[in-house]
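In: Build me a structure from this.
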Amino acid sequence: MAAPVPLDRLPPTTTAYVIATAILAGVTGYFIGQGSSLHLFKEKQGWPNGYDVKVHRDSSDEEFEEESEAEDSEDEGNGEELADFKENAEEVKLVLVVRTDLGMTKGKIAAQASHATLACYKYFITHAPDSPILRQWERMGQAKIALQIKGEDELLTLQAQAMSLGLCARVIQDAGRTQIASGSRTVLGILGPKSVVDGVTGHLKLL
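Out: As a prediction, this is how the structure comes out:
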């Protein structure tokens with residue numbers, strides 16, 4: 001009797017492919033993990049998680065070092081000028097008034113405006129941590145707007161006007177290690193009820 005003719009081999013099923021892929025991935029992961037633990041792979045330096053991030057051309061390491069030394073120029077304030085605005089029911093906002101006559105780059109402006117934002121916040125936290133103005137600003141999204149001004153004298157005039165109305169008004173001075181002269185007043189931050197702040201800065205143009 002003749003031997004039976006073998007049937008054609010059946011193709012692998014989807015389940016077989018999934019199992020084979022899982023086994024391959026597991027083995028590969030194991031060896032990669034062993035290699036990493038033995039420091040066989042060179043890690044990229046400078047940024048967390050090894051990402052190779054390119055710094056914007058308007059920025060530099062020197063500038064970032066310098067930015068950390070910018071200071072609030074009115075540290076002698078004691079918070080007595082701050083009004084509580086207890087009956088305020090309108091939006092609270094932070095206006096950042098930026099000097100355009102200094103020729104600051106966009107990165108520089110962003111850093112100085114950040115300093116002004118923190119200066120206003122820290123001033124409230126230090127002198128009036130329970131201020132309803134601060135709490136309302138925090139709850140409603142921390143509204144911010146950037147405006148422009150052309151000189152230091154007008155900047156200081158606006159600060160004095162804002163403080164006389166009970167607003168938080170902080171000026172930032174630059175350390176002067178890169179683009180501009182040491183002690184230059186770069187940005188004024190004003191935090192308070194929208195209508196009161198607009199009474200001081202409403203005539204200024206958007207940055």
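
In: average pLDDT for stretch 109-129?
Out: What stretch 109-129 shows for mean pLDDT is 95.

In: List the neighbours of it that are in contact with it.
Out: If you take C-beta atoms under 8 Å, 6 or more residues apart in numbering as the criterion, stretch 109-129 is touched by 63-64, 67, 70, 72, 77-79, 82, 84, 94, 96, 98, 104, 131, 133-134, 144, 146, 168, 170-172, 174, 186-191, 207. C-beta coordinates here come from the backbone N, C-alpha and C atoms, glycine included.

In: Can I have the buried ones of the residues you listed as a ChimeraX selection?
Out: To isolate the buried members of these in ChimeraX, using 16 or more other C-beta atoms under 10 Å:
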select :63,67,70,72,77,82,94,96,98,104,131,133,134,146,168,170,171,172,174,186,187,188,189,190,191
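
In: Next, Ala146: secondary structure please.
Out: Assigned with DSSP: H, G, I helix; E, B strand; the rest coil, Ala146 falls in the strand class.

In: Output the contacting helices and strands for the helix or strand hosting Leu134.
Out: Per DSSP states H and E, Leu134 falls inside helix 132-139. Helices and strands touching helix 132-139, as assessed by 3 or more C-beta pairs under 8 Å, 6 or more residues apart in numbering; DSSP states H and E, comprise strand 92-99, helix 106-127, strand 185-193.

In: at 7 Å what do you get?
Out: Secondary-structure packing of helix 132-139 (3 or more C-beta pairs under 7 Å, 6 or more residues apart in numbering; DSSP states H and E): strand 92-99.

In: quick one: average pLDDT of the strand it packs on?
Out: 98.

In: who does that strand pair up with?
Out: strand 143-149 (parallel), strand 185-193 (antiparallel) (DSSP bridges).

In: Pull the CA coordinates from the shortest one and hand them back as CSV.
Out: So the one you mean is strand 143-149. Provided in CSV are the C-alpha atoms of strand 143-149 (Å, rounded to 0.1, in the frame of the first residue of the first chain):
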residue,chain,number,x,y,z
ALA,A,143,-4.5,86.2,33.6
LYS,A,144,-1.5,88.0,32.2
ILE,A,145,-1.0,90.6,29.5
ALA,A,146,2.2,92.2,28.1
LEU,A,147,2.4,95.8,27.2
GLN,A,148,5.2,98.0,26.0
ILE,A,149,6.8,101.2,27.2
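
In: who does the helix or strand just after that strand touch, helix- and strand-wise?
Out: Once the chain leaves strand 143-149, the next helix or strand it forms, by DSSP H and E, is helix 152-164. Here helix 152-164 touches strand 92-99, strand 168-173, strand 185-193, helix 194-201, going by 3+ C-beta pairs under 7 Å, 6+ apart.
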